[in-house]
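Q: Using only what follows, build the 3D model:
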Amino acid sequence: MIALETASRALGAWDGVLRALPRASALVQALLRREAVASAALEGIDASLADLALFESSGTPATERDAVREVANGVALLQHALAGTSDPLALHDVLMSGLRRRTEPPEANAIPPLADDLPRLVRAAIRHQHVSGDRRVARAILLAELGAFFDLSAYFVEHEKEYVAARAGAQTAWLDFFLRAVTASATAAASRLLLLNTRLDDWRSRVASARNAIALEPVLENLLAVPATTGARIAEMMEVTYPAARKTADALVERGVLIPTTVGKRHYFVAEVWG
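A: Got it, this is the predicted structure:
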């Protein structure tokens, strides 16, 4: 099956990039947020990466909607799945934490008997096709089964009509669509990881002359995933006073890493993303 071989190679290439990058776990956090936004969009939840960044950097939603908090919960859902949590009910509780509304937890509906020698990709695809309830949890479990924490749902959003039709249709049609999605998503995610790694290296070179360059490392890594921050957030990550954190933020502005702005409270945004 050519599509299966192609998807398997794409996953192998993704895994190779992960193994080659020393800071891969930090870089993957950016992709988890893209996945959380896209997976929520498939369920009719409208919140952007910008909304999420503002919320995560200050704890204050960019809007009055619960959607931003729900997408932030989606990030936590993916992080729990990445850490090895596989119980759908436990993952659903993470997703629903602190929300006023509740969705139905995922349930497996009459999954057909699966041969023991089925390839991992095929087995995961068939299981996903037969899950009902909140599919954000199902997609998180799917990614965990594949060991591929990238924004697969972005492909589903881009081809949403085909995604819905394929899941509801014959198994062969679903497998064909799913394998194409994995191939495209894994290839794009590997390239994105390399770009993020290049960005981080560039930032590190810009701050190398700073006296606190080593202490800045967690700040820079966090900015890859959450491209907005505040003085209070920097103070928390660096374990310094607020005035010291503001000086650090201003230094990052001088070096072209951040740009200052005011959104409700003073924020600093990543220049390459927001500039």
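Q: ok so Pro113 is a strand residue?
A: No - counting by DSSP: H, G, I helix; E, B strand; the rest coil, Pro113 is not found in a strand; it is coil.
Q: neighbours around it, how many?
A: 4 (other C-beta atoms under 10 Å). Quick note: C-beta positions are derived from backbone N, CA and C, even for glycine.
Q: same deal with Leu223?
A: Count around Leu223 with other C-beta under 10 Å applied: 28.
Q: Angles on the backbone of it, please.
A: The phi/psi pair for Leu223 (degrees, to the nearest 10) reads phi -70, psi -20.
Q: Hmm, Val270 and it touching each other?
A: Yes - here Leu223 lies in contact with Val270, judged by C-beta atoms under 8 Å, at a distance of 5.4 Å.
Q: Which neighbours do the two have in common?
A: Val257, Leu258 (C-beta atoms under 8 Å, 6 or more residues apart in numbering).
Q: Quick check: the gap between Ala26 and Ser153.
A: 21 Å (C-beta to C-beta, to the nearest Å).
Q: who has more neighbours, the two?
A: Ser153 (29 against 19).
Q: so who does that one touch?
A: So Ser153 contacts Glu35, Ala38, Ser39, Ala41, Leu42, Arg139 (C-beta under 8 Å, 6+ apart).
Q: Same check on Ala213?
A: Per C-beta under 8 Å, 6+ apart, neighbours of Ala213: Arg204, Val207.
Q: what's it sitting at in phi/psi?
A: Torsion angles, degrees, to the nearest 10, at Ala213: phi -60, psi -40.
Q: Distance from whichever strand or helix holds Trp203 to the middle of the chain?
A: Taking DSSP states H and E as the criterion, Trp203 maps to helix 171-207. Centroid separation for helix 171-207 versus its chain: 11 Å, with C-alpha atoms, centre = their mean, to the nearest Å.
Q: do stretch 111-125 as well
A: That offset, for stretch 111-125, works out to 26 Å (C-alpha atoms, centre = their mean).
Q: which other residues reach it?
A: Contacts of stretch 111-125 (C-beta under 8 Å, 6+ apart): 4, 7-8, 11, 126-127, 130, 142, 145-146, 174-175, 178-179, 182.
Q: what about the strands in this structure?
A: 107-108, 131-132, 228-229, 258-263, 265-270 (DSSP state E).
Q: Export these as TSV, with columns for distance to Leu31 and mean pLDDT.
A: Converted to TSV, the strands of the chain look like this (distance: least, C-beta to C-beta, whole Å; pLDDT from 0 to 100):
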stretch	distance to Leu31	mean pLDDT
strand 107-108	27	78
strand 131-132	22	87
strand 228-229	17	92
strand 258-263	22	80
strand 265-270	16	82
